[in-house]
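Q: Fold the following.
(3 chains)
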Amino acid sequence: MEEILNLFQGFAVALQPFNIMVMILGIVLGVVIGVLPGLGGANGVAILLPLTFSMPPTSAIIMLSCIYWGALFGGAITSVLFNIPGEPWSVATTFDGYPMAQQGKAGEALTAAFTSSFVGAFFAVVMITLVAPLVASLALKFGPAEKFAVYFLAFCSFVGLSKEPPFKTIAAMMIGFALAAVGLDSVTGSLRLTFGFTELLNGFDFLIAVIGLFGIGEILLTMEEGLAFRGGKAKINLSVVIQTWKELPRYWMTSLRSCIIGCWMGITPAGATPASFMSYGIAKRMSRNGKNFGKGEIEGVIAPETAAHAAGTAALLPMLSLGVPGSPTAAVLLGGLLIWGLQPGPMLFVEQKDFVWGLIASMYLGNLVGLIVVLTCVPVFAAILRIPFSIIAPLILVLCAIGAYSVHNSTFDVAMMLVFGVIGYGLKKTGYPLAPLVLAIVLGDKAEEAFRQSLLGSQGSLGIFFSNGLVSTIMILGLIALFWSVIQEGYSRLRTRAATA
Amino acid sequence: MKRTVLHYTFGAAVAASLGGFATAASAAWEPTRPVEFIIPAGTGGGADQMARTIQGIVTKHSLMKQPMVVINKSGGAGGEGFLDVKSSANNPHKIIITLSNLFTTPLATGIPFNWKDLTPVAMLALDEFVLWVNAEKPYKTVKEYIAAVKAAPPGSIKMGGTGSKQEDQIITVAMEKATGTKFTYIPYKGGGEVAVQLVGNHVDSTVNNPIEAVAQWRGGKVRPLCVFDSKQMSYDEQVFEGKGWKDIPTCKSEGLDIEYLMLRGIFMSPKATKDQVDYYVELFKKVRETPEWKEFMKTGAFNTTFLVGPEYAKWVETEEKRHEALMKEADFLAKSN
Amino acid sequence: MTTNSSSNAGPSHKTVEAGVTTVIGLFGALVVYGSVKAGTGWGAEGPRAGFFPFYIGLFIVGSSLVNLWNLFREDEGNLFAEWIQLRQVLSVVIPTTIYVAAMPFIGLYVASFIFIAWFMRWLGKYNWPTVLAVSIGMPLVTYFLFERYFLVPLPKGPIENLIGL
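A: Alright, predicted model coming up:
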């Protein structure tokens, strides 16, 4: 009961006019950050952190968390409109969001993305409100072996999806793994595959690869077909929001499943990016329209967005209760809390109740305000597609360059982006799937790190991946996901045999 | 309902007044463009926290006329950041915060960099290292713990730490040498993650910095055994069960003769003039006077030694030799290929 | 705007794909070579740095060989793209390459101005006022948004230094 009271007090604080203003400002800034590729949530929040020092502390934390929500919302916009994911977790959104935009359904795709974001985040906040301490202890159970199992599961639930020839899929995925391996090997601390080039110390940043492969590659493909931009017939009035909303309840099962995947991945803390891929993969298998995924299926937008945002929100829980950020952005928020003398950790919920509940209240309101802000802007975003291609193309290219540059402040990265663009064009034209490649870049080094940490701990024994109930369950789920199509085929064959018999 | 609900929780740090810092420093040189503050480590780590705190202090108290821009360049265990500053000779608008990877990264990876490529500005503080175990474990002292490590099969006791061939692993190897034991060292990405792995019993001990593990200690999840310093820490604020930082014995007094402190210092781009260095020295002197900085030092139980000029350079040089010796002994040096 | 050109000449899909596959295979070989240098064994502390990349490289080489094999069993198929289409693509790739290459020297702002102006004038055939409005406006907005507001420094050249930005 006391918690509820605290929550309401938090609401009262958050609802002051000044704080509502701060909230809207934070959301708008966050959306801008999310839209600009390269200036991801973590960088964005870090950059804007000093801005909040001159505010009263309550408003400051509200503003920061709203920037966080805004960035989460914003990532979807460029994914849908230009096939450029502003954030790593928006990659899966491009798979169906961009085809929808090309069919003139940008408004629908954006509405679905924003609404799903809201649903996912809301679900996670409710979970934080109700079961925070209980769930936090779950995160402690995750050592390297469990983490590897989660990455394995994320991988398995995604691969085997594409219709491309299997060896092309393997080649594409392995290229991703190889690119992820370049740079410093975090387990032995030595360099590999850099061939003496100090520019390669960093390895290949995921964002640069994605901006190139997806963004630039797409522009080149469009150029081939002349200067026509196919999204031009997007509807640009608010009624599209209402129409899409009427459709959404049909996909409640996908939403719920994605919420659960997201919360779980956020807490573990594997993060929002694997959550979005995994949710997309599972939705594709479960959905009746699974065959249409990748061609502009609204469910393919709902699944990754819901999961990404549930994960993004749930990631705040281990940060508050354990002091371990579930995402880079959460890491920067954590730094912000420390500057105000707040020490996240097991005692925060006991010692700083008012603060915690105030923050949770601002999550509820920030999300709601965010949804309203971005939804009213849907027509504006959709209208961007009406700008002629020969104006928007150079602007996108310049934005991509800025984005690639600002990831590491290096012009070498900009050149890499262009190289990736040409590679993306070549691969796409010759039938190599890009999604497994990208997934491998994101998860490759993390999975390898967790795998090797586990082996260090077990002194080389692979048995560690089946050493307790938790890790075995996840591994087995992963194996099931990997062989799902075989299992399904076997099952249907059994059924037909039974039917004929 | 008034704003007070949240207000008082934020404590004195923010409520503290801006103080009377006149910006009229008499230095002959002043930045004419935004100053880039490079962090050779990822977002959320110890160096990152310190740099962002400094940025916050500088912004809030208007200590600089130009903005300070914080940039993370963590690639290649910080090598990316060091090489960036190295290549920015004659650009006085670039400073870098350093930690032990100033020595360890070039030694372990063989990248073409040495701290002498940069211009030393000031040592801001030294970060302590503390030996931690899970609070559920029976060991109350270093002796009990070492005895338990010796009794266990070699390599079955796991030490968690940040990064590979860096400070945490150097201390681990030093402990092995000092006690004749064998740990399995498991590297993680960040100090916070290491602390949680200890709480979750995925590793048996860690050598976290105070700021990385303080939250878990306050929650009674981990237990400090000793501090790797020549004297006990001076902060007497109670943290858990009536104990504070100053109650942690030194490792030496417990029979583990190892000392290790980590540099938290500032360097700037090569070929900086004396005026330029002086400007930043003055700036950091002012930062050190602010209540926020003092609060930050207290939370992280930092050793607040402040050095500038030749003393600083000399300190760094001694440390470099020591790291080279330590890493050579541990066989961490890059193989020339 | 010349999409419906009647010329149907162009490189065959098979040739290009063979090229792409070969490049991928070579990339795999490079990965194998780099991994061998980093050490591919299973050391005292578990797999060494090059252990995984080594097998990844082998996989890339292997699957490329299979892909090549499959390719040569296929019939001579359709065109990869018409020459005219490729020219369209190159008309973006080449200027963008110049743009990226020039950036470290003349700075992002000036390079962007020239690039946008060129693109709009050459490919879009817009009149000069529109061209100038967009090509000057975009760098200006970028400057205020990134440099001033978000404090992200972007590459600058001699002109910016001259006016003291």
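Q: Distance of the residue lying closest to B:L256 once chain neighbours are set aside relative to B:K252?
A: Spatial nearest neighbour of B:L256, excluding adjacent residues (C-beta to C-beta, 6 or more residues apart in numbering or on different chains): B:V142 at 5.3 Å. Yep, even glycine has a C-beta here, placed from its N, CA and C like the rest. Distance, B:V142 to B:K252, by C-beta to C-beta, to the nearest Å: 10 Å.
Q: re earlier: the residue nearest to B:L256: neighbouring residues, count only.
A: By the criterion of other C-beta atoms under 10 Å in any protein chain shown, B:V142 has 21 neighbours.
Q: need the contact list for it.
A: B:L131, B:L225, B:C226, B:P249, B:C251, B:E254, B:G255, B:L256 (C-beta atoms under 8 Å, 6 or more residues apart in numbering or on different chains).
Q: Run through the bridge partners of the first one.
A: This points to B:L131. For B:L131, the beta-bridge partners are B:C226 (DSSP bridges).
Q: Let me see the contact set for it.
A: Contacts of B:L131 by C-beta under 8 Å, 6+ apart are B:V142, B:Y145, B:S205, B:T206, B:V207, B:P224, B:L225, B:C226, B:V227, B:F228, B:C251, B:L256.
Q: just to revisit the earlier point, can I get the buried part of the contacts of B:V142 as one ChimeraX selection?
A: Buried subset of those, written as a ChimeraX selection, criterion 16 or more other C-beta atoms under 10 Å in any protein chain shown:
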select /B:131,225,226,251,254,256
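Q: Dump the contacts of B:V142 into JSON lines; add distance to C:P47 and pLDDT as well.
A: Compiled in JSON lines, the contacts of B:V142 are given as follows (distance: C-beta to C-beta, whole Å; pLDDT from 0 to 100):
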{"residue": "B:L131", "distance to C:P47": "29", "pLDDT": "96"}
{"residue": "B:L225", "distance to C:P47": "32", "pLDDT": "95"}
{"residue": "B:C226", "distance to C:P47": "34", "pLDDT": "95"}
{"residue": "B:P249", "distance to C:P47": "39", "pLDDT": "95"}
{"residue": "B:C251", "distance to C:P47": "33", "pLDDT": "94"}
{"residue": "B:E254", "distance to C:P47": "36", "pLDDT": "91"}
{"residue": "B:G255", "distance to C:P47": "36", "pLDDT": "90"}
{"residue": "B:L256", "distance to C:P47": "32", "pLDDT": "92"}
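Q: Greatest separation within the contacts of B:V142: which pair is it?
A: B:L131 and B:G255 (12.4 Å; C-beta to C-beta).
Q: isn't A:G86 right up against A:G70?
A: No - contact criterion C-beta atoms under 8 Å: A:G86 and A:G70 do not qualify, at 11.4 Å.
Q: shared neighbours, these two?
A: A:G34.
Q: And A:W245, how close does it get to A:L375?
A: A:W245 is 10 Å from A:L375, by C-beta to C-beta.
Q: For those two, indicate the residue with more neighbours.
A: A:L375 (19 against 13).
Q: And for the residue in chain C positioned nearest to chain A, the neighbour number?
A: Using C-beta to the nearest C-beta, the closest approach of chain C to chain A is made by C:G124 at 2.9 Å. Residues near C:G124, counting by other C-beta under 10 Å, number 18.
Q: any common contacting residues for A:W245 and A:L375?
A: Residues touching both A:W245 and A:L375 by C-beta under 8 Å, 6+ apart: A:T111, A:T115.
Q: So which bits of the stretch 51-200 of chain B are right by chain C?
A: Residues of the stretch 51-200 of chain B lying close to chain C by C-beta under 8 Å from any C-beta of the partner chain are B:P67, B:V69, B:T184, B:Y185.
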